[in-house]
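Chemist: With the input below, show me the fold.
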Amino acid sequence: MKTSVILLAGICALLFGGCYSFTGASVAPHLKTVAIPLFEDVSGFGEPGLREKFTQKVIEQFRNDNNLELGERLTADSIIEGTISTVIDAPSVIGGNDIVRTRRVTVTVHASYTDMKFRKKIWEKDFSNWGEYTQGQQTRDVALNDAVNKVAEDILLETVSGW
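Modeler: Numbers count the residues shown, from 1 in each chain. All right, here's what the predicted structure looks like:
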């Protein structure tokens, strides 16, 4: 009898085990397109082209993800808007004789995602991430690009799996 129950449980697990899958993405079914207008830059960091670079990185993340198609602001089902609020370049590792060994560039973006069909804000939050560089080995641009990439990815992940 015990063997029959175990065998029956095993067969049920095999039969019904493939009925559920989790992809990690969960965009509402009525949302097919997203508009991503140019992000504002109020950071005062003075990096030329930062808002364009950041916006393009967010667009690239969504294009590569394929959960939402890119659309125009006036016709898209949803919209991601935001502002680069701060960019900070500060020492992160200080060695002997107070010599800065590593610097960290931190980018913070305030962004929101709105369902335009139902006129409902889905989320609004700050995203912050960083990249590091060492004088002579990497440049500040590499660290800034790393931070921008991470924040753009965080925005994508919040949008497609933050429901």
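Chemist: okay, now K120: neighbour count?
Modeler: K120 has 9 neighbours, counted by other C-beta atoms under 10 Å. Bear in mind the C-beta positions are built from the backbone N, C-alpha and C, glycine included.
Chemist: Would you confirm that it contacts T114?
Modeler: Yes: under the criterion of C-beta atoms under 8 Å, K120 makes contact with T114 at 7.0 Å.
Chemist: Tell me the buried residues in the helix or strand L144 falls within?
Modeler: L144 belongs to helix 140-161 when assigned by DSSP states H and E. For helix 140-161, a neighbour-count test (16 or more other C-beta atoms under 10 Å) marks 143-144, 146-156, 158-160 as buried.
Chemist: nearest to D77, of those residues?
Modeler: D77 has its nearest neighbour among these in T159, at 12.3 Å by C-beta to C-beta.
Chemist: Spit out the contact partners of the closest one.
Modeler: Each residue near T159 by C-beta atoms under 8 Å, 6 or more residues apart in numbering is listed here: V27, V34, F62, N67, L68, I80, Y113, I122, W123.
Chemist: can you rerun that using 6 Å?
Modeler: By C-beta atoms under 6 Å, 6 or more residues apart in numbering, the contact set of T159 is Y113.
Chemist: Tell me how far it lies from R103.
Modeler: As defined by C-beta to C-beta, to the nearest Å, T159 lies at a distance of 30 Å from R103.
Chemist: mind listing the helices in this protein by residue range?
Modeler: Assigned helices in the chain, in chain order: 2-16, 50-65, 140-161 (criterion: DSSP state H).
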